[in-house]
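Q: got a predicted structure plus its sequence, pasted below:
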Amino acid sequence: MSAKIRAEIVKLARLLGDEPERFSYLADLPLEDLRVIRERATDVLFSANRGMFERIAAASKLVPVAVTTTVAQKSFGPLLCARIAGVLEPERAVEMAGRLPVEFLADVAAELDPRRAAGVLAALPAAKVVEVGTELTDRGDYVSMGRFIGELPDATLRVVVQELDADAILRTAVYSENDDRFAAIFAMVPDSRIPDVLDVVINADASTVDDLADDVLPVLAALDEAGLTRLATAVDALTPDQRARLVDLAAKAGVTDQLGPLGLALSA
């Protein structure tokens, strides 16, 4: 099973509240078909009872925000709040987010469809996004992180990238909804942290089926030439054993011929 297929099945399983193994029979489908299935399932789930959620959102304007946030946290819970957030006015949603605990916001984020909350994400202060993102990564919830990366404004995304370590950035990229954006995200990583990226891959546990290297190397192979060139500059600092391990991992992941400048540096 390819890394992208595996990631797509994990995201579908998360959406439907089941274990990824439950959907292993879908592994032979083309990637685009899997994405269509997940997107249609998302549309069905988030469109159901939309009228009711719109009425709740409208009613929330009639009471103080402090009261609304208390009801949201104590009575509605993360799932209903995620549905309602998709129909709230961004300004109202941001005001409520400022009064809710970060832990609860992370619970809501795990249930939210980022496409329906793009306006809210654009309006949220970068500091709040970083707080929620840090909570999600502390939980190891890279699925939720990956789904949001494609919807964050560049200015906010830059702040988030500065706060995350290389391991969190790479694990998040595996579940990104927009592969094309990772090159821009990678360009935001400071030069001083580029060696950390290779270190994460080199030290991944190659003995497990969900090996990070198997997932991450295809993501790195999809980088633009500028990104691969930045990685290539870090190869000189590797020990012979580390270089050999990276070469072996690239071969195992089937991306040796896709690494461009990085591949040339490894073979030198």
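A: In hand now; what should we look at? Numbers count the residues shown, from 1 in each chain.

Q: in this structure, where's the longest helix?
A: Determined from DSSP state H, the single longest helix within the chain is helix 31-47.

Q: tell me which residues in that one are buried?
A: Across helix 31-47, burial judged by 16 or more other C-beta atoms under 10 Å covers 34-35, 37-38, 42, 46. For glycine as for every other residue, the C-beta is placed from the backbone atoms N, C-alpha and C.

Q: in those, find the pair that's most separated.
A: Maximum pairwise distance among those (C-beta to C-beta): 18.5 Å, between L34 and F46.

Q: distance to R22 and pLDDT for the buried residues of helix 31-47 - can I get that in JSON lines?
A: Listed next are those as JSON lines, based on distance: C-beta to C-beta, whole Å; pLDDT from 0 to 100:
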{"residue": "L34", "distance to R22": "14", "pLDDT": "88"}
{"residue": "R35", "distance to R22": "18", "pLDDT": "88"}
{"residue": "I37", "distance to R22": "14", "pLDDT": "90"}
{"residue": "R38", "distance to R22": "14", "pLDDT": "89"}
{"residue": "T42", "distance to R22": "17", "pLDDT": "85"}
{"residue": "F46", "distance to R22": "21", "pLDDT": "76"}
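
Q: and which of these is nearest A184?
A: Using C-beta to C-beta, the shortest approach to A184 within those belongs to R35, at 20.8 Å.

Q: secondary structure element holding the residue nearest to the closest one when sequence neighbours are not counted?
A: Spatial nearest neighbour of R35, excluding adjacent residues (C-beta to C-beta, 6 or more residues apart in numbering): E8 at 6.2 Å. Applying DSSP states H and E as the criterion places E8 in helix 3-16.

Q: all helices of the stretch 51-200 of the chain, in order?
A: Under the criterion DSSP state H, counting those that start in this stretch, helices of the stretch 51-200 of the chain are mapped to 65-71, 77-85, 90-97, 102-111, 118-123, 126-139, 142-149, 154-163, 166-174, 182-187, 194-202.

Q: can you put these in CSV and add mean pLDDT and distance to L223?
A: Shown next, in CSV, are the helices of the stretch 51-200 of the chain (pLDDT from 0 to 100; distance: least, C-beta to C-beta, whole Å):
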stretch, mean pLDDT, distance to L223
helix 65-71, 77, 41
helix 77-85, 81, 32
helix 90-97, 83, 32
helix 102-111, 90, 27
helix 118-123, 83, 24
helix 126-139, 91, 21
helix 142-149, 87, 15
helix 154-163, 88, 15
helix 166-174, 87, 10
helix 182-187, 87, 5
helix 194-202, 87, 10
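
Q: this structure - how does it break down into domains?
A: Residue ranges for the domains of the chain, per automatic domain parsing: 3-190, 191-268.

Q: ends of the first one, how far apart?
A: In terms of C-alpha to C-alpha, to the nearest Å, the two terminal residues of domain 3-190 are separated by 26 Å.

Q: ok, stretch 199-216 next?
A: Start-to-end span of stretch 199-216 (C-alpha to C-alpha) is 12 Å.

Q: please name the residues that touch the residue sitting nearest the centre point of the chain.
A: Most central in the chain under C-alpha atoms, centre = their mean is G146, positioned 0.9 Å from the mean C-alpha point. Applying C-beta atoms under 8 Å, 6 or more residues apart in numbering, we find G146 in contact with 7, 11, 172-177.

Q: for it, give its distance to V160.
A: The spacing between G146 and V160, counted by C-beta to C-beta, to the nearest Å, is 12 Å.

Q: with G254 instead?
A: Distance, G254 to V160, by C-beta to C-beta: 30 Å.

Q: among those two, which residue is more densely surrounded?
A: V160 (24 against 14; other C-beta atoms under 10 Å).

Q: next up, the contacts around that one.
A: 126, 129-130, 133, 152.
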